[in-house]
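>>> Build me a model:
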Amino acid sequence: MSTFDSTFANPIECYLALFQDAIFEQIGNKYVFENNQFKRRDLDTVVKKIADMSDKLYTKMVVKNNAFSKCTPRIDYNALRGVVSRYSRDIFGFRRIKARLENLENITGFNSELRDEVERIVSESGHFGFLIPSSSPYLHRQASVLLYWFSVLKPFHLDRKGNDGLYPESYIIAYYNEYFSYSLVNIALHSQSAEMILHKNEEYFKVEFLNQLHFRNLSRSSLEFFLPSWIATIPKKAS
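Below is the predicted model of the structure:
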């Protein structure tokens, strides 16, 4: 998968496009407010950025394996919007509440002890709709949620151009959305000196992981439990 890194001049842009809050504007880890409301991002711009990255990645795949030239990739933009929207809700829901409380404290003198108590109540229970009650979830948790929504909503499709010719391996045709999503997320992780390594166990990757991801046999919680064992730190290259 690291062979695809050169696809992007600045790999960190891939990470930011996929892993940042797609709905509300942030500078660093701070939310931006306008008239005491979250400043909204242009979701269509976010989706277009991911779609452009996807086009570049597929072009690279064709260069590496000409069999991909026998197919046409297709993106379901509504599904892609759903992926980034639901990911942002799950990952950033608690951080949004925390930011809102801090902003309220700044403009009204809202008691900081009361703010801390509200945060504690929210963080102690999943019954408030916050599946991940943390303002800074671990990287593997972010990747798990992103892969989960890609597998549920399936924005990436692969159409054959005809009935003859050499096509990509059958497991890629069958599980293309999951294969492509995994590749795209892995490129983003590389910018954080991390990498999912399931593909290095080729048989398991083909027969088990992609199959279970495709048929949604892996829930968010099971992915969060399972994925850390399959994320490795990328050693820094000697200068």
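>>> unless I'm mixing things up, His214 is touching Phe150, no?
No. Checked against Cβ atoms under 8 Å, the pair His214 and Phe150 is beyond contact range at 10.5 Å. Any C-beta I mention is one placed from the backbone N, CA and C, and that applies to glycine too.
>>> Neighbour count: those two, which is higher?
Set His214 next to Phe150 and count neighbours by other Cβ atoms under 10 Å: Phe150 wins out with 25 against 18.
>>> Show me the shaky parts of this structure.
The model of the chain has pLDDT under 70 over residues 1-6, 9, 107-111, 114-115, 117-136, 236-239.
>>> most centrally placed residue in it?
Leu146 (3.6 Å; Cα atoms, centre = their mean).
>>> what sits against the residue lying closest to that one once chain neighbours are set aside?
Spatially, and ignoring its direct neighbours in sequence, Leu146 is nearest to Tyr87 (5.2 Å; Cβ to Cβ, 6 or more residues apart in numbering). Counting by Cβ atoms under 8 Å, 6 or more residues apart in numbering, Tyr87 touches Ala22, Val145, Leu146, Trp149.
>>> Specify which member of those residues is nearest to Asn66.
Nearest to Asn66, judged by Cβ to Cβ, of those is Leu146 at 29.6 Å.
>>> The closest one contacts Ser85, correct?
No. Assessed by Cβ under 8 Å, Leu146 is found out of contact with Ser85, at 12.0 Å.
>>> how about CSV for the contacts of Tyr87, with secondary structure and distance to Lys39 added?
Listed next are these as CSV, based on DSSP: H, G, I helix; E, B strand; the rest coil; distance: Cβ to Cβ, whole Å:
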residue, secondary structure, distance to Lys39
Ala22, coil, 13
Val145, helix, 23
Leu146, helix, 23
Trp149, helix, 24
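>>> one step back: who touches both of His214 and Phe150?
Asn177, Glu178.
>>> sorry, back to before: buried sites along the helix or strand hosting the residue nearest to Leu146?
Using DSSP states H and E, Tyr87 sits within helix 77-108. Neighbour-count burial for helix 77-108, counted by 16 or more other Cβ atoms under 10 Å, picks out 79-81, 83-104.
>>> And Lys39, its phi and psi?
phi -80, psi 120 (degrees, to the nearest 10).
>>> now do Arg216
When read as degrees, to the nearest 10, the backbone of Arg216 gives phi 60, psi 40.
>>> sorry, back to before: for the contacts of Tyr87, work out which two are farthest apart.
For those, and using Cβ to Cβ, no pair is farther apart than Ala22 and Val145, which are 12.6 Å apart.
>>> In this protein, mark out all the helices, start to finish.
Applying DSSP state H to the chain gives helices spanning 11-19, 43-64, 77-108, 112-124, 139-153, 170-174, 176-190, 202-204, 210-214, 220-226.
>>> the inter-axis angle of the third one versus helix 176-190?
Think helix 77-108. 40 degrees (axes from the mean of the first three to the mean of the last three Cα atoms, to 10 degrees).
>>> burial count for Val62?
14.
>>> Looks like it contacts Ser69 (just checking).
Yes. The pair Val62 and Ser69 qualifies as a contact (Cβ under 8 Å) at a distance of 4.9 Å.
>>> Now Ile23. Nearest residue, chain neighbours left out?
Ser88 (5.1 Å).
>>> same question, Asp159
Nearest non-adjacent residue to Asp159 (Cβ to Cβ, 6+ apart): Thr72, at 4.7 Å.
>>> hang on, the one you found packs against Lys161?
Yes. Counting by Cβ under 8 Å, Thr72 touches Lys161, with 6.1 Å between them.
>>> Make sure His157 is actually in contact with Asn177.
Yes. Here His157 reaches Asn177: they are 6.8 Å apart, a contact under Cβ under 8 Å.
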